[in-house]
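Trainee: This is a predicted model, with the sequence first.
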Amino acid sequence: MDFVSPVLDVASRICNCVGDRADHIRRLPQNLNSLRAAMEKLNNVYKDVKERVEREENLEKKRTHVVGGWMEGVAAMEKEVNELLDRCDEEILKKCLGICCPRNCRASYKLAKMVREKMDAVAELQSEGSNFQEVAVPLPSPQVIERPLEEKPVVGLDSPFQEVWTLLQDEQVGSIGIYGMGGVGKTTLLKKINNKFLQLGNDFDIVIWVVISRPTNLERVQETILDRLDIPDDRWKGREEEKKAQEIRRVLKTKKFVLLLDDIWEPLDLLRVGIPPLGDGNQSKIVFSTRSKDVCGGMAAQKSIKVECLEEKEALSLFQAKVGEDTLNSHPDIPKLAEMVAKECKGLPLALIVIARAMASARTPEEWERNSQKLRMRPKDVAGTTPFSREEYLKMHDVIRDMALWLACEKGKKKNKFVVKDGVGVIRAQEVEKWKDTQRISLWNETKIQELREPPQFPNTETLIGCRMMSTFPSGFFTNMSIIRVLDISNNRTLKLLPAEIGNLATLQYLNLTRTSIIHLPIQLKNLKKLRFLILDELFSLVSLPNQMVSSLSSLQFFSMKSFSSRSSVDEIMLLEELEQLEHINDISIMLISILSIQRLFESHKLRRSTRSLKIEGWKGVNQVQLVSPSGIMALILESCDELEEVKIIHFEKQVVPSKFPNPQCCFNHLLSVHIYLCKKLLNLNWLIHAPKLQSLHIEHSGIIEKVIEDERSEGSEIESSLSVFSRLIYLTLIYLPKLESIYGHALPFPSLREIHVWRCPRLKKLPFDSSICMSKKLEKIIGQQEWWDGLEWEDQTVMHNLTPIFSTPWKLIKC
C-alpha cells in the first residue's frame, strides 16, 4: 500500500493544473524567452533615447519630464524583469517527475501570469520610447551669463567700477553712460559689472548683454534680447520690427531688468527696440558704453562716467605684467627700454597690452630699440603720405585703428587732425565744415559726402582718401586744397568726370583713379609737376589719354595702367614713348594689346628696365612672343592670346634657344609671377627655366599644354645642374588643362613650395615628387578633386602617405 500514496499525490497535482492555468504554465518557458527578447529590444530603444538626450544636454538643454520618467521606468522595469526571470528559472527547476509538471501549480501559474503582464508592460515602454518627438527642451535663461575676462585683475578700472556700481544701487538713477576712446577699457568695465551681478545676490530678474557696434542693426539688437528672454520663436521670427518690439515690451514690463549695451556709436532709440521707459517703480537699469560723450546726451543718460587712460605708474605696471618677468630679466637694459616703450603708448590699455605681447619674445636690447623706433613711426604708418591699401585698412581692428589715430592726434588734443569714417552712410555738409584743420581724411565703404552747396575748405589737408565719396565733384571742390599730396578716389564706379581744376593741385604727389568710370582725363593733369605716383588701373570706360599728358609729369616715378578696355583708342606706342621721356620713371605696370607695342617696349633699355608688371592681352593672329632679357619685369600675364603657340627669350640681339638651360645673363632674374589664361594653342612653358626666382605660376584654360616644362635629361647633367628649376616656386595653380600630363619630366625638390591647386586636369597622373629627393618641408596644402587624387600614380608609396594629410578638396574654386 505504500506505493499508492505517491500516485494519488501526482494525480491530485495534475487535476489542479487544468484549463487556463495549465495553458499559462505550459507556455511559461516560451514566454520567458519572449520576455528576454522584448527586454533586449527595450534596452536598445533606451540606449537610442539616452544618446539623443545626452546630445541635447551637451547643447545646454534639459530632458523633458516625460522622457526622464520614461528612462526611470525602464530602469525599474529592467530590475523587476531580471528578478522575475530568476524566480521563474528556479520554479522550472522544481518540476517533479523531471519534465512533467511543477510541484506547486498555483505558484507556477502566478509566475506565468506575471510574465505575461511584464511582456505587455515592456512592449508598451518600447512603443512609447520609439515615438518620442522631443527628448529635451532649452534650459531657461540664467539670471546672468558670465562674460570672459582675463585672469589677472585689470589695471586702472577700480575707480570707475566703484562709481558705476554705487550708481546702480541708487534708486534715483536709471541710466548710466560710460564713455572714452577706443581701447581704454569700456567693454572690460562693462563685463566686470555684468559678472559682479553673478557673484553677488541681487533682486534683478535678468541681466541682458547686447553688443551694438556699427552700423547699428536694430533687428539684430531685438533678436538678441528676444533670445535672452526665452520668447518662443513663433511669436517673433519673421515678424516686422514693431511686432518684435511689442513682444520685448510685453515681457520686460513684468521684470526688473538690467540692460548692458556695449559699443554704441550713435544714439539708439530704445522705444523702437521695445525697451519700456525706466521708472514706474520697477527700478530697472540701463548701462551703456560709447566713445562719444555726445551719445551719452543723445541717450539721455542720467549719469555719464568717463574712462580715462592710465597714469604712468599704472601703465608701466600693466605693460610689465604682459611682457613677463622672463623677458624683463633677460638683459639689464630691457627694464629701462620697456619703460620707454610703455611711455609711447600714452597710457592706453589696449596699446599697452598689444605691444607688450608683441615684445614678450624680444630678449635683446637691439630688438627693443628697433621696435621702439617702429612704434614712434606708427602714426605716420597709419596715414602717411603714401596711403595704405584698402585690404590693409579693412584688416585693422577698429579699436587699433582708432588708437593709432588718437596717438597721431596727440592724445586727442587735436581732434580733427585725422578723420576716418568707415561705412557711416551719408556725412552731412555741416560735419564736413568742421574739417578745416584736418590733415588726413579717409572715407571708406559706402561713406559719402552730402551734396555741398559750397566748395569745402581743406587748406591743411595733405591726404584725401574717398572710395565712394561722391559721384560727381561740384565746381571748385579741389580749389581750397593748397597742400594736398595724396588723392585716392579709386573704387568709385559712379565717377565719370574729373573737373579740370584738379590740374591746379600743385603739391599733389599721389593720384589713384583705379576702378572708376572716368571717360576722359582732363588735359590739365599735365600741370601736376610734383606728381610721383599715377595709378589708372581698370579704367574700362576710358576712351583715350590726352597727348603729352604723361610726358609732362616731370617728377613721375610710378605709372600703372594694367587694364583698360580693348575698345579704347589708347595709343600704346605714344604712351610708351612718353614714358620713355620721363627722367625719374622707374616702376611701370602696363597692359599692351599690340605686338608692335611689345617690340617698342623691349627695344628701349629704359622701359625694359623700369617695367615691373606686363600684361599681354587679346592678341589675334600672333603665334609667337619674344621677351628680351635682361628685364625688370616681376609679373607677367598672358591672357586671351588665342593663336599664341610659343614664347621665346631674346638676349639683346641674340635669341636664346628655349630648350637649353640658360646662361645667368640671359635670365629673367626679377620675374616672380606668371599668369597664363585662355592661351588655347600654347604648347609648353619651357621658357620658364629662364625665370630662376619664379614664386607663383598660374595656368588656366590653356587647352593643348601637355607638359609645363619638357624634361631634357639628354642634354647632360651639367646643364641640368646649372639651374634648379622651380627652386623658388611657392604657389602652383593648374586649372582646366585637359591635355596636361606632366609638370616636369622627373622629380624636383621644390624647396620653397607651399601650395598646389589642381582642378580639371584629368590626364595629370603624376606629381614630380619622390622620396629620393628632399621635398619642401614648407608644403602646406594640395587642393584638387577627390577623383583626381585617388587616380594619381605613385612610384613611391611613401610620398603618397606623406602628402595625403595635406590634401583637401575645395568647397569653391575662385579664379585667382
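Mentor: Thanks, I have the structure now.
Trainee: can you tell me the helix or strand for residue 443?
Mentor: Assigned by DSSP states H and E, residue 443 belongs to strand 440-444.
Trainee: So in that sheet, which strands flank that strand, and in what orientation?
Mentor: strand 418-422 (parallel), strand 463-466 (parallel) (DSSP bridges).
Trainee: tell me the contacts of residue 319?
Mentor: When the contact criterion is C-beta atoms under 8 Å, 6 or more residues apart in numbering, the partners of residue 319 are 338, 341, 342, 345, 352, 355, 356. (Glycine included, C-beta is placed from N, CA and C.)
Trainee: What number of residues are in the vicinity of the fifth one?
Mentor: What it means is residue 352. Here the count is done by other C-beta atoms under 10 Å, and residue 352 has 30 residues near it.
Trainee: buried stuff in stretch 604-620?
Mentor: Under the neighbour-count criterion of 16 or more other C-beta atoms under 10 Å, stretch 604-620 has 604, 607, 608, 610, 611, 612, 613, 614, 615, 616, 617, 619 buried.
Trainee: of all these, which comes closest to residue 263?
Mentor: Within the buried residues of stretch 604-620, the smallest distance to residue 263 is 41.5 Å, found for residue 613 (C-beta to C-beta).
Trainee: before we move on, which element is the residue lying closest to the closest one once chain neighbours are set aside in?
Mentor: Setting aside the residues directly before and after it, residue 613 is nearest to residue 589 in space (C-beta to C-beta, 6 or more residues apart in numbering), at 3.7 Å. Here residue 589 sits within strand 587-592, counting by DSSP H and E.
Trainee: Tell me which residues are up against that strand.
Mentor: Looking at strand 587-592 with C-beta under 8 Å, 6+ apart, the contacting residues turn out to be 537, 557-564, 572, 575-576, 579, 598, 601, 607, 610-617, 635.
Trainee: What are the neighbouring residues in contact with residue 421?
Mentor: Contacts of residue 421 were listed using C-beta under 8 Å, 6+ apart, and they are 427, 442, 443, 444, 447.
Trainee: change it to 10 Å
Mentor: The neighbourhood of residue 421, defined by C-beta atoms under 10 Å, 6 or more residues apart in numbering, consists of 427, 431, 441, 442, 443, 444, 445, 447, 448, 449, 466, 469.
Trainee: Please apply the same query to residue 282.
Mentor: With C-beta under 10 Å, 6+ apart as the criterion, the residues that contact residue 282 are 174, 205, 252, 253, 254, 255, 256, 257, 276.
Trainee: Which PyMOL command selects the buried ones in those?
Mentor: The buried residues among those can be selected in PyMOL (16+ other C-beta under 10 Å) with this line:
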select buried, resi 174+252+257+276
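Trainee: Which ones among the contacts of residue 282 map onto strands?
Mentor: Using DSSP state E to define strands, the subset of the contacts of residue 282 located there is residue 257.
Trainee: Please identify which pair of the contacts of residue 282 lies farthest apart.
Mentor: By the measure C-beta to C-beta, those have their two most distant members at 174 and 254, which lie 17.4 Å apart.
Trainee: shaky segments in the stretch 201-350 of the chain?
Mentor: Regions of the stretch 201-350 of the chain meeting the criterion pLDDT under 70 cover residues 201, 280-281.
Trainee: any chance you could map the helices in it?
Mentor: Applying DSSP state H, counting those that start in this stretch to the stretch 201-350 of the chain gives helices spanning 218-228, 241-252, 270-273, 293-298, 312-323, 325-328, 334-344, 349-359.
Trainee: Mean neighbour count, these: which tops it?
Mentor: Among these, judged by mean count of other C-beta atoms under 10 Å, the one packed with the most neighbours on average is helix 349-359 (a mean of 21).
Trainee: Low-confidence ranges, the stretch 1-150 of the chain, go.
Mentor: Along the stretch 1-150 of the chain, the parts satisfying pLDDT under 70 run over 1-26, 91, 93-108.
Trainee: on that earlier part again, ok, which of the helices of the stretch 201-350 of the chain comes nearest residue 532?
Mentor: helix 334-344 (30.5 Å).
Trainee: got the angle for that closest one vs helix 349-359?
Mentor: What separates the directions of helix 334-344 and helix 349-359 is an angle of 150 degrees, with axes from the mean of the first three to the mean of the last three C-alpha atoms, to 10 degrees.
Trainee: Excluding covalently adjacent residues, which one is nearest to residue 524?
Mentor: Once flanking residues are discounted, residue 524 sits nearest to residue 503: 2.6 Å by C-beta to C-beta, 6+ apart.
Trainee: That should have said residue 454, apologies.
Mentor: Nearest residue to residue 454 in three dimensions, chain neighbours excluded: residue 476, at 7.8 Å (C-beta to C-beta, 6+ apart).
Trainee: tell me the secondary structure for residue 55?
Mentor: helix (DSSP: H, G, I helix; E, B strand; the rest coil).
Trainee: for it, what are its contacts?
Mentor: Residues 61, 135, 136 are the ones in contact with residue 55 under the rule C-beta under 10 Å, 6+ apart.
Trainee: out of the contacts of residue 421, who has the most neighbours?
Mentor: For the contacts of residue 421, neighbours were counted using other C-beta under 10 Å, and residue 441 has the most, 25 neighbours in all.
Trainee: Hmm, that one is touching residue 419, no?
Mentor: Yes - counting by C-beta atoms under 10 Å, residue 441 touches residue 419, with 4.8 Å between them.
Trainee: For these two, list the residues in contact with both.
Mentor: Counting by C-beta under 10 Å, 6+ apart, the common neighbours of residue 441 and residue 419 are 383, 432, 435, 461, 464.
Trainee: Bridge partners for the last one, pull those for me.
Mentor: This means residue 464. residue 441, residue 487.
Trainee: Let's see the pLDDT reported for it.
Mentor: The model reports residue 464 with a pLDDT of 88.
Trainee: Just give the number of residues close to it.
Mentor: Around residue 464 there are 23 other residues, counting by other C-beta under 10 Å.
Trainee: Pretty sure it sits against residue 481.
Mentor: Yes - because the distance of 7.3 Å satisfies C-beta under 10 Å, residue 464 is recorded as touching residue 481.
Trainee: Pull up the overlap in contacts between these two.
Mentor: Here residue 464 and residue 481 share the contacting residues 456, 458, 487, scored by C-beta under 10 Å, 6+ apart.
Trainee: Helices of the stretch 51-200 of the chain, start to end?
Mentor: Under DSSP H, counting those that start in this stretch, the stretch 51-200 of the chain gives helices at 65-93, 105-130, 158-168, 186-199.
Trainee: May I have the last one as CSV, with CA atoms only?
Mentor: Coordinates of the C-alpha atoms in helix 186-199 are reproduced here as CSV (Å, rounded to 0.1, in the frame of the first residue of the first chain):
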residue,chain,number,x,y,z
LYS,A,186,35.0,100.4,-21.5
THR,A,187,34.0,96.9,-22.6
THR,A,188,36.1,95.4,-19.9
LEU,A,189,34.4,97.7,-17.3
LEU,A,190,31.0,96.6,-18.6
LYS,A,191,32.0,92.9,-18.3
LYS,A,192,33.1,93.5,-14.7
ILE,A,193,29.8,95.0,-13.9
ASN,A,194,27.9,92.1,-15.6
ASN,A,195,30.0,89.5,-13.7
LYS,A,196,29.5,91.3,-10.4
PHE,A,197,25.8,90.6,-10.6
LEU,A,198,26.7,86.9,-11.0
GLN,A,199,28.9,86.9,-7.9
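Trainee: rewinding a little: closest to residue 509 out of the helices of the stretch 201-350 of the chain?
Mentor: Taking the helices of the stretch 201-350 of the chain one by one with C-beta to C-beta, helix 334-344 is closest: 28.5 Å.
Trainee: Mind listing residues that contact the closest one?
Mentor: For helix 334-344, contacts defined as C-beta under 10 Å, 6+ apart pick out 310, 312, 315-320, 322-323, 327-329, 331, 351-352, 355-356, 358-359, 362-365, 367-369, 371-372, 375-376, 378, 407.
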